[in-house]
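K.L.:
What follows is a protein structure lacking sequence information:
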């Protein structure tokens, strides 16, 4: 049984958290080098629109001359209406690859276009990371705010990756930071629904709770400092996953951190989560 806990630590204690890079360094050898491939088009085909050509791109940051490293597909926040791809500082030089993804935005497109883009980026990464030395069995999906919502939708609703002949359950782990688990407020706005009116339909991760999802690490900021209800809906998401029979889900609440600041201290927690899964995979081989 996977252990669950809510972490509420004072701010100063996070300075003591240390994360060992996932690629070990031998004494006396040169530190791992990293390469960034910028603006990789992750969609293909004759039906690409101008918007797809512009926004469906990712930056791939990865170790050089390493084998079987883990990869994080990272989705930026911005309410599904703004934001741009970036490699989080907390994920650099950690022995992993990061695929930082842009996706099309509302109102230029409407739901579920941005979820379809997110799935296409995950599919591209799974299908191409081995050529850079990584393991397709160690692809994790993560993101902050709107990126957390995309993370959960791609990982819980199997249909999006099935369109790419992939099984969502083969994702190594899902790590949404402060993501909606009900239907996203931008999706509701597109339908003329007020942002304070909660909805759980097929565009809500909660709609797709099941026992056999990939391992999930839910992280939010302080419930009193978060965007309205964000901690509570993640807590309900955790509970319903458990009720559905999912034992591989954890929930962290970061005391003293609001919606945006929580991302910094969340990165070490995510890296520890990744390290444990990679270690478990290695132990089974």
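P.N.:
That came through, no problem. None of these values were measured; they are calculated from a predicted model.

K.L.:
And for residue 56, nearest residue in space, chain neighbours not counted?
P.N.:
In space, and not counting its chain neighbours, residue 56 is closest to residue 43: 4.3 Å by CB to CB, 6 or more residues apart in numbering. (Each C-beta comes from the backbone N, C-alpha and C, glycine too.)

K.L.:
can you give me the helices in the stretch 51-200 of the chain?
P.N.:
Listed in chain order, the helices of the stretch 51-200 of the chain (DSSP state H, counting those that start in this stretch) span residues 113-128, 146-156, 159-162, 185-190.

K.L.:
TSV for these, including distance to residue 211, mean neighbour count and mean pLDDT?
P.N.:
Listed next are the helices of the stretch 51-200 of the chain as TSV, based on distance: least, CB to CB, whole Å; neighbours: other CB atoms under 10 Å; pLDDT from 0 to 100:
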stretch	distance to residue 211	mean neighbour count	mean pLDDT
helix 113-128	21	23	98
helix 146-156	12	29	98
helix 159-162	18	18	98
helix 185-190	26	20	98
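
K.L.:
between those helices, which gets nearest to residue 231?
P.N.:
helix 146-156 (12.5 Å; CB to CB).

K.L.:
now that closest one and helix 113-128, what's the angle there?
P.N.:
70 degrees (axes from the mean of the first three to the mean of the last three CA atoms, to 10 degrees).

K.L.:
what residues are up against the nearest residue to residue 197 once chain neighbours are set aside?
P.N.:
Closest residue to residue 197 apart from its sequence neighbours, by CB to CB, 6+ apart: residue 188 at 6.8 Å. Counting by CB atoms under 8 Å, 6 or more residues apart in numbering, residue 188 touches 194, 195, 197, 199.

K.L.:
Could you identify the buried members of the residues you listed?
P.N.:
residue 199 (16 or more other CB atoms under 10 Å).

K.L.:
Looking at the contacts of residue 188, spot the one nearest residue 159.
P.N.:
residue 199 (19.0 Å).

K.L.:
need the contact list for that closest one.
P.N.:
Counting by CB under 8 Å, 6+ apart, residue 199 has contacts 182, 183, 188, 193.

K.L.:
what about the second one, distance to residue 152?
P.N.:
According to CB to CB, to the nearest Å, residue 183 stands 12 Å off from residue 152.

K.L.:
can you check the last one too?
P.N.:
Note on residue 193: its distance to residue 152, by CB to CB, is 19 Å.

K.L.:
picking that back up, okay, the residue nearest to residue 56: pLDDT?
P.N.:
If you check residue 43, the pLDDT there is 97.

K.L.:
what's the burial count for it?
P.N.:
The tally of other residues near residue 43 (other CB atoms under 10 Å) stands at 18.

K.L.:
Wait, it touches residue 58, no?
P.N.:
No: Residue 43 is beyond contact range of residue 58, at 10.3 Å (criterion: CB atoms under 8 Å).

K.L.:
same for the longest strand anywhere in the chain, what does it pack against?
P.N.:
Secondary structure of the chain per DSSP state E: the longest strand is strand 134-144. Helices and strands touching strand 134-144, by 3 or more CB pairs under 8 Å, 6 or more residues apart in numbering; DSSP states H and E, are strand 69-75, helix 113-128, helix 146-156, strand 173-177, helix 263-284.

K.L.:
quick one, which of these is nearest to residue 245?
P.N.:
helix 146-156 (14.1 Å).

K.L.:
residue ranges of the strands in the stretch 1-150 of the chain, please?
P.N.:
34-41, 57-63, 69-75, 97-101, 134-144 (DSSP state E, counting those that start in this stretch).

K.L.:
Please name the residues that touch residue 43.
P.N.:
Contacts of residue 43 by CB under 8 Å, 6+ apart are 52, 56, 117, 120, 124.

K.L.:
Then residue 172?
P.N.:
70, 137, 138, 139, 140, 214, 215, 274, 277, 278, 281.
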